[in-house]
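>>> okay, sequence plus prediction incoming.
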Amino acid sequence: MTTLSHHRAELPHSASTVFALWADPRAWAKWDPDVTAVEFDGDVRIGAQGRMRPASGPSTTFTITRLEADRRVTTTSRLPGATLTFDHLVEPSTAGSDVEVRISVDGALAPLWRRLLGRTFALTATQNISGLSQHLVSR
């Protein structure tokens with residue numbers, strides 16, 4: 001697995017508050033600067049699928065592949081010859097919560113996708129956490 005983007009931070013918000021935003025695909029465009037729209041119907045559960053339109057690039061279908069209440073949300077998208085993974089992890093801390101976002105690509109063509117997507121995704125994890133934090137502060 002090749003990491004395209006990774007960021008960790010401490011936020012003054014509870015793990016459950018952070019998790020609730022990550023686990024609500026319909027709200028991603030409200031706080032994530034890299035997301036312009038999401039189509040998602042039904043319950044948030046492992047195997048659920050949606051469609052996301054990023055700020056740049058084509059729309060993509062995503063699948064929720066890991067879901068741990070108040071702790072982790074992982075989504076994957078298929079690329080030709082590879083899988084793109086967005087892993088969001090939150091843990092309680094004395095100041096609120098420790099959050100981590102890791103974006104990676106895996107598969108036979110992962111080296112090619114790393115070259116194609118590397119610059120585009122370099123700051124995505126940082127922007128994801130920054131957008132989340134700004135949204136929580138403004139509420």
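Okay, I see it.

>>> which residue is most remote from the mean position of this protein?
Each residue of the chain has a distance to the centre, and by Cα atoms, centre = their mean the biggest one is for residue 94: 23.9 Å.

>>> from residue 132, how far out is that residue?
Counting by Cβ to Cβ, to the nearest Å, the gap between residue 94 and residue 132 amounts to 20 Å. C-betas here are computed from N, CA, C, even on glycine.

>>> repeat that for residue 79.
Using Cβ to Cβ, one obtains 25 Å as the distance from residue 79 to residue 132.

>>> what's the answer for residue 118, then?
Distance from residue 118 to residue 132, counting by Cβ to Cβ: 23 Å.

>>> between the two, which one's more packed in?
When residue 118 is set against residue 132 and neighbours are counted by other Cβ atoms under 10 Å, the residue ahead is residue 132, at 24 against 13.

>>> for that one, what are its contacts?
Going by Cβ atoms under 8 Å, 6 or more residues apart in numbering, residue 132 touches 11, 18, 21-22, 31-32, 99.
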